Structure formats: C-alpha cells, structure tokens
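**Q** give me a 3D structure for the following:
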Amino acid sequence: MALAQTGNRAHAVSAPRAATDTALWHSQALMPRVRADECVIVKGEGAYVWDEQGNRMLDGPAGLWYCNVGHGRAELAQAAAAQMERIASYSNFQRMATRPAIDLAERLIEIAPIDDGKVFLGSGGSDMVDFAAKLARRTWQVRGRPQKLTLVTRKQAYHGLHGYGTSIAGLEPNRLGFGPLLEETARVPHSDAEALAALIAERGAETIAAFYCEPVMGTGGVILPPDGYLRRVEQICRENDILFIVDEVITGFGRVGTTFASERFDLTPDVLLTAKGITSGYQPLGAAVVSRELWEPFWAPDSELIFHHGITYSGHATACAVALANLDIIEREGLVARVAELEPLLEAALLPLESHELVKEVRTGVGLLGGVEPIEPALGDRIAAACIERGLLIRTITDGTVQVSPPFVVTDDDIEFIGATLAEALDAVAEAA
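**A** Below you'll find the predicted structure:
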C-alpha cells in the first residue's frame with residue numbers, strides 16, 4: 001500500500017483491485033463496470049469513510065445527500081437499540097400507532113414552515129413523492145373537480161423512482177424503457193417561471209392538479225433557483241388553484257443553511273416532502289407535512305372520507321426514534337448555523353475551478369451544495385476517479401456534474417481540501433487527455 005500526498009494530507013492508496021463479480025445489483029449502475037470495480041464502504045467516522053482496502057476518504061456526497069450529522073454517531077445507534085428493545089415497530093394502520101411516530105409528527109409540525117400541518121410518514125423520499133401525487137388527485141376529487149389530474153414538474157427534476165416519481169421525472173433516462181407510464185404529466189423548463197404560466201394557459205388550470213418543485217435541484221445537476229423564481233412559481237400556482245408541492249428530500253434539515261429551504265426562499269408549500277437528512281441516513285424514513293386545507297376534509301368530525309394509502313413501514317418506530325435523536329443532534333450542535341457559516345467557504349473553494357479548461361460551470365452559493373459541471377459529460381467519471389485516488393470520495397450526476405454535498409461536520413480545512421483536490425483531479429485528467 002503506497003502513501004500519496006495531497007496538499008498537506010497523506011492518505012493510503014491501495015493497489016488497483018482485481019476484476020471481481022458481485023451478486024448485488026447496484027442502483028442506477030452500468031453493471032459491467034461495477035463487476036470490475038465494486039467499491040465496498042466498511043466504516044464511517046465524522047465526515048470520513050473507509051473502504052475494504054483501508055482507504056480513508058472524505059465523504060463528498062454525504063452518502064446520497066443524507067449524512068448530515070456525519071458517520072459513526074453512537075447516540076443514534078443507541079436510540080435504535082433502545083427502541084428495538086421496547087418494540088422495533090408496529091403498524092400505524094387504522095387506529096394503531098407507536099409513541100416515536102407520534103412524537104416525531106409533533107416535532108415536525110413545530111419546525112416546518114406550514115401552519116397547523118399534519119404529518120404522513122413513509123420509508124423514504126420516493127414514498128413521499130407518490131403519497132403527494134395521490135393526495136393531490138384525491139384532494140381535487142373530494143372538492144368535486146376530478147378533471148384536475150395533471151402533475152407538472154421541471155426538466156431535469158428528480159422526484160424518486162417509484163411509480164408516480166418515474167412518471168413525473170424530468171430526467172428522461174429515468175422514464176425510458178418501461179412502456180406506458182402515467183399520461184397526465186407535463187414538464188416545463190427548470191428556471192423559467194413564465195413557462196409554467198404558459199403551460200397552464202395552454203392546458204387549462206382546470207386540468208392541472210399540482211406542481212412539484214425542488215428549491216435546489218439535486219440530481220439534475222445542483223441547479224440553483226434564479227432570483228425570484230420560487231416565489232413566482234408559488235404565486236402562479238396560487239392564482240390558478242394548483243397545489244404547490246415542495247420537494248425538500250435533499251434540502252430539508254439544514255442543507256441550505258436554514259432548517260428548510262422553504263424558509264430561506266420564503267415559500268409556503270401545500271405539501272412539504274422530506275427524507276434523507278431526517279435521520280441522516282441512519283434509518284430509512286420519509287415524511288410529508290400537509291397543510292390544513294388538504295388534511296381537513298379527512299379529519300373533520302363528521303367525515304366519512306378515508307385516504308386509502310399507506311405502506312407496511314409507515315411510521316416505523318425505530319426509524320422515528322432515530323429521527324428524533326438525529327434532530328436533537330442537529331439542534332444541540334447548531335449544525336444548521338454551521339452550514340450557513342460554511343456556505344461562503346465552499347463557494348470560495350469551488351468558484352475558482354470555473355476557470356479550468358475542463359469546467360463548463362460551477363454552481364454553488366446555497367448552503368453545503370455545489371456542482372462542478374465539466375465541458376463534456378464523459379469527463380465527470382474520470383474527474384471523480386482522480387478525486388478518489390487523492391482521498392476525496394465523489395460521485396457524478398446529470399451531465400457528468402461532480403456533486404459536492406459533504407456532511408455538516410466538515411471542518412474549514414476539509415472544505416479547502418475539497419477545492420484543492422478537485423483542482424488537482426482536473427489537472428490530472430487534463431494532462432492525461
């Protein structure tokens with residue numbers, strides 16, 4: 001095992017792995033490539049992870065945008081174990097519930113930017129996207145306007161990969177090859193609010209149920225909203241009686257320097273979708289906070305309406321217990337404020353890369369989120385590989401964009417290391433061309 005030097009850091013670099021095979025079918029993967037170079041992560045501590053070869057790497061994407069409080073938090077393991085010793089979980093169908101699910105729902109309505117909300121729980125972000133789609137359509141049916149069916153999203157939007165999420169995807173590769181999907185969907189350019197207004201004028205507001213919006217588009221390439229865009233699309237939805245669904249699966253729980261991006265951008269969703277950072281990835285969990293106008297018809301004392309939706313692990317007690325402990329850490333350690341402090345440091349580390357010959361655009365300046373898009377998508381994987389060789393674990397997303405979204409526990413030096421390592425990786429790829 002050789003020792004490589006990167007800036008003022010030394011890290012172990014193992015010899016290349018021999019070709020292997022695997023029984024595990026990886027998500028969103030070209031499997032012939034995986035078979036030859038599967039990377040197995042075995043340990044995490046703080047902002048760092050280790051692979052089976054002993055390589056220590058700064059976790060640039062925080063797992064999959066989610067490890068907000070960092071790896072190896074014994075407090076979260078202890079919360080899970082304590083809950084499992086009492087009861088690991090129990091169904092919350094019909095009148096049943098567990099105390100952690102109730103407590104988490106109450107905690108979320110206290111901190112979410114929706115007055116007098118109610119909370120529906122699931123197993124992750126994709127669950128919540130499908131929940132919101134069904135709730136939107138059911139809402140208009142209950143209101144006597146069943147023709148309002150169409151779900152509108154933005155080009156390059158990602159809203160999970162369940163049935164509805166696949167149907168409304170703005171990333172076309174995620175929609176291809178599956179045959180007919182949900183027909184009543186539409187997509188508009190991602191940063192043009194008036195394109196939404198034009199679509200509504202063309203289709204008719206009486207046909208459109210809801211508009212889904214990520215405050216910062218994640219998997220689509222870390223695309224930041226133009227000034228005024230988010231407030232304008234919410235206004236358009238209000239003027240046309242269209243539900244405004246804000247997908248904060250990535251941005252929720254501090255990623256943009258406020259607890260929710262809706263706070264930072266002054267938004268009031270009809271439905272707020274969350275997951276990922278709710279447990280920092282220590283347990284699979286998703287939540288939707290629903291406004292009074294949507295939940296009230298189902299909760300009125302004389303109501304005979306049932307919302308026929310739910311999954312086995314909705315409100316899983318152990319996942320909810322971990323979420324509560326995770327939120328305690330975020331609050332106790334002031335991690336949301338810490339993200340706000342790190343925001344200009346990350347921007348300063350990444351923006352100089354825009355002058356590199358291989359870089360098309362750098363997108364940063366909102367919390368701990370950044371994207372470095374190369375001039376050619378194929379370069380992204382080569383840049384990521386060069387980063388990994390230098391002790392920075394990185395993944396690529398749409399158009400080969402390098403995703404930067406580290407855990408909130410990174411140090412100032414870690415942020416500097418991210419920028420310096422990306423610069424070295426870009427130089428190495430350019431020299432090898």
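**Q** helices of the stretch 301-433 of the chain, residue ranges please.
**A** Applying DSSP state H, counting those that start in this stretch to the stretch 301-433 of the chain gives helices spanning 317-332, 335-350, 379-389, 412-432.
**Q** output the ones you listed as CSV; include the columns mean pLDDT, distance to residue 134 and mean neighbour count.
**A** All C-beta spots, glycine's among them, are computed from the backbone N, C-alpha and C. Shown next, in CSV, are those (pLDDT from 0 to 100; distance: least, CB to CB, whole Å; neighbours: other CB atoms under 10 Å):
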stretch, mean pLDDT, distance to residue 134, mean neighbour count
helix 317-332, 98, 22, 22
helix 335-350, 98, 31, 18
helix 379-389, 97, 35, 21
helix 412-432, 98, 40, 18
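**Q** what about those, which gets the closest to residue 40?
**A** helix 379-389 (13.4 Å; CB to CB).
**Q** so what touches the closest one?
**A** 4, 13, 57, 60, 358, 372, 374, 393-396, 399-402, 421-422, 424-426, 428-429, 432 (CB atoms under 8 Å, 6 or more residues apart in numbering).
**Q** sorry, back to before: any chance of the helices of the stretch 301-433 of the chain in a markdown table, plus distance to residue 197?
**A** Below are the helices of the stretch 301-433 of the chain laid out as a markdown table (distance: least, CB to CB, whole Å):
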| stretch | distance to residue 197 |
| --- | --- |
| helix 317-332 | 37 |
| helix 335-350 | 31 |
| helix 379-389 | 34 |
| helix 412-432 | 38 |
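**Q** could you work out the end-to-end span of stretch 242-257 for me?
**A** The straight-line separation of the ends of stretch 242-257 (CA to CA, to the nearest Å) is 29 Å.
**Q** likewise stretch 78-97?
**A** 22 Å.
**Q** same question, stretch 204-215
**A** Its first and final residues considered, stretch 204-215 spans 25 Å by CA to CA.
**Q** and the nearest residue to residue 207 once chain neighbours are set aside, how many neighbours does it have?
**A** Excluding the flanking residues, the one nearest residue 207 by CB to CB, 6 or more residues apart in numbering is residue 150, at 5.3 Å. If you count neighbours by other CB atoms under 10 Å, residue 150 ends up with 24.
**Q** ditto for the one 3 residues further on
**A** When counting by other CB under 10 Å, one arrives at 27 neighbours for residue 153.
**Q** mind listing the residues bridging to it?
**A** Under DSSP bridges, the beta-bridge partners of residue 153 are residue 187.
**Q** surely it is in contact with residue 212?
**A** Yes: with contact defined as CB atoms under 8 Å, residue 153 counts as touching residue 212 (4.8 Å).
**Q** okay, and the common contacts of the two?
**A** 159, 168.
**Q** got phi/psi on residue 138?
**A** Dihedral angles phi and psi of residue 138 (degrees, to the nearest 10) take the values phi -70, psi -40.
**Q** where does the closest residue to residue 409 other than its chain neighbours land on pLDDT?
**A** Of all residues beyond its chain neighbours, the one nearest residue 409 is residue 70 (3.9 Å), with distances taken as CB to CB, 6+ apart. pLDDT recorded at residue 70 is 98.
**Q** ends of stretch 119-133, how far apart?
**A** End to end - CA to CA - stretch 119-133 spans 15 Å.
**Q** tell me the mean pLDDT over it?
**A** So the average pLDDT for stretch 119-133 ends up being 97.
**Q** domain-wise, how is this protein divided?
**A** 2-69+334-432, 74-332 (automatic domain parsing).
**Q** least confident of the ones you listed, on average?
**A** When I compare the domains of the chain, domain 2-69+334-432 is least confident, with a mean of 90.
**Q** residue 272 touches residue 113, doesn't it?
**A** Yes: counting by CB under 8 Å, residue 272 touches residue 113, with 7.2 Å between them.
**Q** which neighbours do those two share?
**A** Residues touching both residue 272 and residue 113 (CB under 8 Å, 6+ apart): 260, 262.
**Q** is it true that residue 211 lies in a strand?
**A** Yes: assessed with DSSP: H, G, I helix; E, B strand; the rest coil, residue 211 lies in a strand.
**Q** skip the chain neighbours and tell me the closest residue to it.
**A** residue 152 (4.6 Å).
**Q** got the contact list for that neighbour?
**A** Contacts of residue 152 (CB under 8 Å, 6+ apart): 185, 186, 187, 188, 196, 199, 208, 210, 211, 212, 242.
**Q** list the residues that contact the third one.
**A** Applying CB under 8 Å, 6+ apart, we find residue 187 in contact with 152, 153, 154, 155, 157, 168, 170.
**Q** and the gap between the first one and residue 185?
**A** Same thing as residue 152. Residue 152 sits 7 Å away from residue 185, taking CB to CB, to the nearest Å as the criterion.
**Q** helices of the stretch 101-250 of the chain, start to end?
**A** 125-142, 163-167, 193-203, 229-239.
**Q** show residues contacting the longest one.
**A** Under the contact criterion CB under 8 Å, 6+ apart, helix 125-142 has outside partners 120, 122, 146-149, 151, 159-165, 168, 209-210, 212, 243, 245, 247, 249, 271, 273-276, 286-288, 290, 294, 297, 305, 307, 309, 311.
**Q** now that helix, how far from the centre of its chain.
**A** Distance of helix 125-142 from the chain centroid (CA atoms, centre = their mean, to the nearest Å) equals 19 Å.
**Q** re earlier: need the max-distance pair from the contacts of residue 152.
**A** 187 and 242 (14.9 Å).
**Q** re the thing from before, so residue 272 and residue 113 - more neighbours on which side?
**A** Using other CB under 10 Å as the criterion, residue 272 and residue 113 rank with residue 272 on top: 29 against 21.
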